[in-house]
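# Build me a model from this:
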Amino acid sequence: MRGATSPQRLLARACDVRPGETAVTLASFVLVLLLMASYYLLRPVRDAMASDWSDAQVSMLWTGTFFFSLVAVSAYGAIASRIALRHLVPGVYAVFAASFGLFWLAAGRLAPGGVADMGFYVWVSVFSLFHISVFWSFMADTFTRAQSKRLFAFIGAGASVGGLLGPAAASVMAQWWGSHSALLAAACLLLLALPLIAWVQRLHHAAAGDPRGDSDSSPLGGNPLSGFADLLRSRYLLGICLFIFLYTAISSFVYFELKNLLEVYDRDQRTRIWANMDLVVNCLTLLVALFATGRIASRLGLPFTLASVPVLVGAGLLSLAAAPQVAIVLVLQVARRVGNYAITRPAREMLFTAVGRRTRYKTKPVIDIVVYRGGDMLNAWAFTALTQGFGLGMAAVAVVGAAIAALWAVVGIGLGRGFERRDPGEET
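Below you'll find the predicted structure:
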């Protein structure tokens, strides 16, 4: 790459970075790394709490998470309507950082398993989708459609690095200082993200010929529920909702199939299996995202990219129907998660570069959080109905899952074509 700097030449091995994009791309990579490391510090603390509660209590917490997500997204919409856009993204992470700091202060003063722990469980579950949704809203507002095809996969790989570092740090901290020390560490990582956000904003404004950031000095306007209303008026956005709903259906089916197959193992063996899957998933995701996804999206197009993982999962489910074995489900679970993190998620985020700013910041969280959590809840009950209500076995359920995967692929192709037909910046 003639005339390129050393960092740019090095980065070009992983993605098709152009002159002037290196700093903002690397800053975005580190930003999502910090955000995901903070979440993966918190997740083991949250999941360890679940052992103190009955299945009914955990189910109620899942239901509570869905309804609290509705409230949180509505509150976020109200804030986005009233504060300057330049303060919106850093403000979200500052609030989460403060909240985890408060939970850390309260951890040593309250009895375990009580209301505070339940509140923490729900709050981290909301954070798990909220923090990444807002990040990708920010990215869709920072990069153009053409840039997203080349750079989003590399940026998303930062999440996998965070997914490797966070659990490792949580394990060490739990051993030396107690599990609740992870709350303080997560709060500190979120605070470290704030100057990075400001830097990305400055780089974006400079590239857009707006060094003072005047375009971000006004709020988005509208009412707290305008994100919900805009969603219902747009076939394009409803298509994204359907795509995510079908994804949650497949995720629920594969998760429950694996959970049921692992019943024959003791808890320690199951823990090792799940932990090893997480390690394999994050390593493979990093490799695929760094060296393959951006090239697939740029050369083969978004319709192919969005449909590739559903087709792969559908084939895996048919294999499972023919031979319901633990090894096949394990491979399927790993392939599904790697495909989602490395290919489907970056491709799905590219779809939001073709909509207006209000949609990115107000409607996108409705889709990413409310629709996702609602899909989790409904599809978990759907799986239960198929197995316990209709008495379907694993093979029959896998066939149903394969049919859902086929529909998921068709929706992905339609969304990719719709993306390519849309005018840049078209408001919905």
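
# measure Ala347 to Ala335 for me?
Distance, Ala347 to Ala335, using CB to CB, to the nearest Å: 16 Å. Every C-beta, even on glycine, is put in place using the N, C-alpha and C of the backbone.

# Those two - which one has more neighbours?
Neighbours were counted for Ala347 and for Ala335 using other CB atoms under 10 Å; Ala347 has more, 29 against 18.

# list the contacts for the more buried one?
Phe152, Thr293, Ala297, Leu302, Thr305, Leu306, Gly416 (CB atoms under 8 Å, 6 or more residues apart in numbering).

# okay, those in a markdown table with pLDDT, secondary structure and distance to Thr65 next?
Below are the contacts of Ala347 laid out as a markdown table (pLDDT from 0 to 100; DSSP: H, G, I helix; E, B strand; the rest coil; distance: CB to CB, whole Å):
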| residue | pLDDT | secondary structure | distance to Thr65 |
| --- | --- | --- | --- |
| Phe152 | 85 | helix | 28 |
| Thr293 | 68 | helix | 30 |
| Ala297 | 73 | helix | 32 |
| Leu302 | 86 | helix | 31 |
| Thr305 | 89 | helix | 30 |
| Leu306 | 92 | helix | 27 |
| Gly416 | 92 | helix | 31 |
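
# Turn those residues into CSV, columns for neighbour count.
Shown next, in CSV, are the contacts of Ala347 (neighbours: other CB atoms under 10 Å):
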residue, neighbour count
Phe152, 28
Thr293, 28
Ala297, 23
Leu302, 26
Thr305, 25
Leu306, 27
Gly416, 21
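
# any idea which of those residues is closest to Val371?
The nearest member of the contacts of Ala347 to Val371, counting by CB to CB, is Leu306 at 16.7 Å.

# What sits closest to the closest one if chain neighbours are left out?
Gly412 (3.3 Å; CB to CB, 6 or more residues apart in numbering).

# pretty sure that neighbour is in contact with Phe243, am I right?
Yes: if you go by CB atoms under 8 Å, Gly412 and Phe243 touch, sitting 6.2 Å apart.

# quick one: common contacting residues for those two?
Counting by CB under 8 Å, 6+ apart, the contacts common to Gly412 and Phe243 are Leu306.

# Moving C-terminal from the lowest-mean-pLDDT helix or strand in the chain, which element do we reach first?
Using mean pLDDT, DSSP states H and E, the weakest-scoring helix or strand in the chain turns out to be helix 6-11, at a mean of 63. Going down the chain from helix 6-11, the next helix or strand is helix 22-49, by DSSP states H and E.

# Show the average pLDDT along the helix or strand just after that next one.
Next along the chain after helix 22-49, taking DSSP H and E as the criterion, comes helix 55-80. Averaging pLDDT along helix 55-80 yields 82.

# Check which helices and strands helix 55-80 sits against.
Other elements packing on helix 55-80 under the criterion 3 or more CB pairs under 8 Å, 6 or more residues apart in numbering; DSSP states H and E are helix 85-107, helix 115-142, helix 226-233, helix 364-365, helix 372-384.

# so where's this structure uncertain?
1-16, 47-59, 108-114, 210-216, 262-263, 265-275, 293-294, 423-428 (pLDDT under 70).

# From Cys241, how far out is Arg235?
Taking CB to CB, one finds Arg235 at 10 Å from Cys241.

# do Val397 as well
24 Å.

# Equivalent analysis for Arg202, please.
34 Å.

# Neighbour count: the two, which is higher?
Each of Arg202 and Cys241 has its neighbours counted (other CB under 10 Å); Cys241 has more, 20 against 15.

# For Ile197, which of the helices and strands packed on helix 55-80 is the nearest?
Going by CB to CB, the one of the helices and strands packed on helix 55-80 nearest Ile197 is helix 85-107, 4.9 Å.

# ok, and what's touching the closest one?
35, 42, 76, 79-80, 83, 116, 120, 123, 127, 130-131, 134, 137-138, 180-181, 183-184, 186-188, 190-191, 193-194, 197-198, 201, 213, 215-220, 357, 361.

# For Pro324, grab phi and psi.
phi -70, psi 90 (degrees, to the nearest 10).

# Look at it and say how many residues are nearby.
Pro324, neighbours per other CB under 10 Å, totals 16.

# wait, isn't it in contact with Val399?
No: the pair Pro324 and Val399 does not pass the contact test of CB under 8 Å, sitting 11.2 Å apart.

# Output the contacting helices and strands for whichever strand or helix holds Ala206.
Using DSSP H and E, Ala206 maps to helix 181-207. In terms of contacts (3+ CB pairs under 8 Å, 6+ apart), helix 181-207 is packed against helix 22-49, helix 85-107, helix 115-142, helix 145-177.

# switch to 7 Å and redo it
When contacts are defined as 3 or more CB pairs under 7 Å, 6 or more residues apart in numbering; DSSP states H and E, helix 181-207 packs onto helix 22-49, helix 85-107, helix 145-177.

# As a markdown table, those with distance to Leu318 would be great.
Shown next, in a markdown table, are the helices and strands packed on helix 181-207 (distance: least, CB to CB, whole Å):
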| stretch | distance to Leu318 |
| --- | --- |
| helix 22-49 | 32 |
| helix 85-107 | 41 |
| helix 145-177 | 28 |
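
# Nearest to Tyr372, out of these?
Among the helices and strands packed on helix 181-207, helix 22-49 sits nearest to Tyr372 (CB to CB), with 14.9 Å.

# angle of that closest one against helix 85-107?
30 degrees (axes from the mean of the first three to the mean of the last three CA atoms, to 10 degrees).

# Buried residues of helix 22-49, list them for me.
22-46, 49 (16 or more other CB atoms under 10 Å).

# And stretch 164-183, by the same measure?
Neighbour counts using 16+ other CB under 10 Å place 164-167, 169-170, 173-174, 179-183 of stretch 164-183 among the buried residues.

# Next: stretch 136-147.
Trp136, Ser137, Phe138, Met139, Ala140, Asp141, Thr142, Phe143, Arg145, Gln147.

# Please apply the same query to stretch 307-320.
Residues 307-314, 316-320 are the ones in stretch 307-320 that count as buried (16+ other CB under 10 Å).

# Then stretch 234-254?
234, 236-237, 239-254.

# In helices, which of those fall?
Using DSSP state H, the subset of those located in helices is 236-237, 239-254.

# Buried ones in stretch 378-390, by neighbour count?
Asn379, Ala380, Ala382, Phe383, Leu386, Thr387.
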